[in-house]
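[1] any chance you can model this:
(chains A and B)
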Amino acid sequence: DTGVSQNPRHKITKRGQNVTFRCDPISEHNRLYWYRQTLGQGPEFLTYFQNEAQLEKSRLLSDRFSAERPKGSFSTLEIQRTEQGDSAMYLCASSFGAGGATDTQYFGPGTRLTVL
Amino acid sequence: QQQVKQSPQSLIVQKGGISIINCAYENTAFDYFPWYQQFPGKGPALLIAIRPDVSEKKEGRFTISFNKSAKQFSLHIMDSQPGDSATYFCAASNNNDMRFGAGTRLTVKP
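    Numbering: from 1, shown residues only, chains lettered A, B, ... in the order given. Okay, the predicted model is just below:
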């Protein structure tokens, strides 16, 4: 068990460019989550997958954001036409669960995005 | 909408002392209350968690106290060590919709 991994760890981009982040969950975890964390704040929920199905999206996730989890394994989060306000740490978490019960989420190290 | 309120924002404790961080929540549907520890540049790491059917859970030096009627829960760190210096987040979750507090920056002085 190597834990949740995220790539890249850091990304600097210019305003208007597109960026894509990757998350590899703990193997056999069926649930995967994306969060955004700004300096001095707790993580804010963005979206959630159970296997390959995207079950929930936060209102924070504008049309410029899209997430996928093909084949229910790794996930990608793409931000199109980045804005300076997108600068944040993007965290991925995974868990194993069934039904409606809340299960323990394990976080990756995050991808820090800086939009110039 | 801030559904989980955490205090204090920062805390300084002497080595060997007790660190206490408090959280209050609004949504009575929350059924899982974890605490996460985060070091600079790292993702949050699960420290300890409780479900509302118990009032206290202890793991080593870490204890969660839970008051369902008051909708409050707290983290106690006994015998605090300099290595405990980090940011601590409480969270509350219902059906995997997890809401985090704003965090408490703990500094343990040697």
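[2] contacts only, for B:S10.
    B:S10 sits next to B:T104, B:R105, B:L106, B:T107 when contact means CB atoms under 8 Å, 6 or more residues apart in numbering or on different chains. No exception for glycine: its C-beta is placed from N, CA and C like everyone else's.
[3] who does it bridge with?
    When bridges are taken as DSSP bridges, the partners of B:S10 come out as B:R105.
[4] how close does it sit to B:G41?
    In this structure, B:S10 lies at 19 Å from B:G41, with CB to CB, to the nearest Å as the measure.
[5] how about the residue in chain A that chain B sits nearest to, phi and psi?
    Using CB to the nearest CB, the point where chain A gets nearest to chain B is A:G42, with a distance of 3.0 Å. With angles defined as degrees, to the nearest 10, A:G42 shows backbone torsions of phi -80, psi 160.
[6] ok, it - how many residues close by?
    The burial count assigned to A:G42 is 23, neighbours taken as other CB atoms under 10 Å in any protein chain shown.
[7] list the contacts of the closest residue to it other than its chain neighbours.
    Taking CB to CB, 6 or more residues apart in numbering or on different chains as the measure, A:G42 lies nearest to B:F100, with 3.0 Å between them; neighbours along the chain are not counted. B:F100 makes contact with A:G42, A:P43, A:E44, B:V4, B:Y36, B:F89, B:C90, B:A91, according to CB under 8 Å, 6+ apart.
[8] fine, thanks again, bye for now.
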